[in-house]
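Asker: Structure here, sequence nowhere to be found:
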């Protein structure tokens, strides 16, 4: 025995003979409090547990959380655009989210509405060009990049996206097409930043 255990034993023995039941009760209660089992009886079940589910898969839980967050973010961005239809900082992330959700038509609709309010905005033109490129509509995208480059010929982002669009178009015309997009929507629209 260690010296500490011996000193604890001596202290316990120093209590009077009537204190043993009290010490025993304390030990039993502390053991119950420290147990990892639920205090609910088998008949009592928590109402927060999914019906019949033993355990929720952590990956599924993460997907559910992301979907809820994504929907909340999209709704916030849509609300912002309703109040401020010219808000480029809300429209582009919303278009990015829609493209990432594989809803390019909805993304184009958001960007078209934005371009009606702010027709010459470089970021909006670029974002729409990226969505069109993602959908394989390279000539339409190139027209938007060129329109934006007339306003800002030194803009490296627009020049790079035009070159990329031309390269994608030449790949498509040469017959070297892959049915999958080169990037997913989130990465593609990230170029529009």
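Answerer: Alright, I've got the coordinates. These numbers were taken from a predicted model, which means no experiment stands behind them. Numbering: from 1, shown residues only.
Asker: contacting residues for the closest residue to residue 125 other than its chain neighbours?
Answerer: Excluding the flanking residues, the one nearest residue 125 by CB to CB, 6 or more residues apart in numbering is residue 148, at 4.2 Å. Bear in mind the C-beta positions are built from the backbone N, C-alpha and C, glycine included. Contacts for residue 148 (CB atoms under 8 Å, 6 or more residues apart in numbering) come out as 122, 125, 126, 129, 155, 158.
Asker: pLDDT score for residue 148?
Answerer: For residue 148, the pLDDT comes out at 95.
Asker: Redo the contacts of residue 148 as JSON lines? Include distance to residue 94, neighbour count and secondary structure.
Answerer: As requested, the contacts of residue 148 are arranged in JSON lines below (distance: CB to CB, whole Å; neighbours: other CB atoms under 10 Å; DSSP: H, G, I helix; E, B strand; the rest coil):
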{"residue": "122", "distance to residue 94": "18", "neighbour count": "19", "secondary structure": "helix"}
{"residue": "125", "distance to residue 94": "16", "neighbour count": "27", "secondary structure": "helix"}
{"residue": "126", "distance to residue 94": "15", "neighbour count": "25", "secondary structure": "helix"}
{"residue": "129", "distance to residue 94": "17", "neighbour count": "29", "secondary structure": "helix"}
{"residue": "155", "distance to residue 94": "23", "neighbour count": "16", "secondary structure": "coil"}
{"residue": "158", "distance to residue 94": "21", "neighbour count": "24", "secondary structure": "helix"}
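Asker: what about the chain, any weak spots by pLDDT?
Answerer: 1-56, 60-72, 175-193 (pLDDT under 70).
Asker: residue ranges for the helices of the chain, please.
Answerer: Ranges of helices within the chain are 3-14, 20-34, 58-83, 88-100, 104-117, 122-134, 138-151, 156-173, 185-190, based on DSSP state H.
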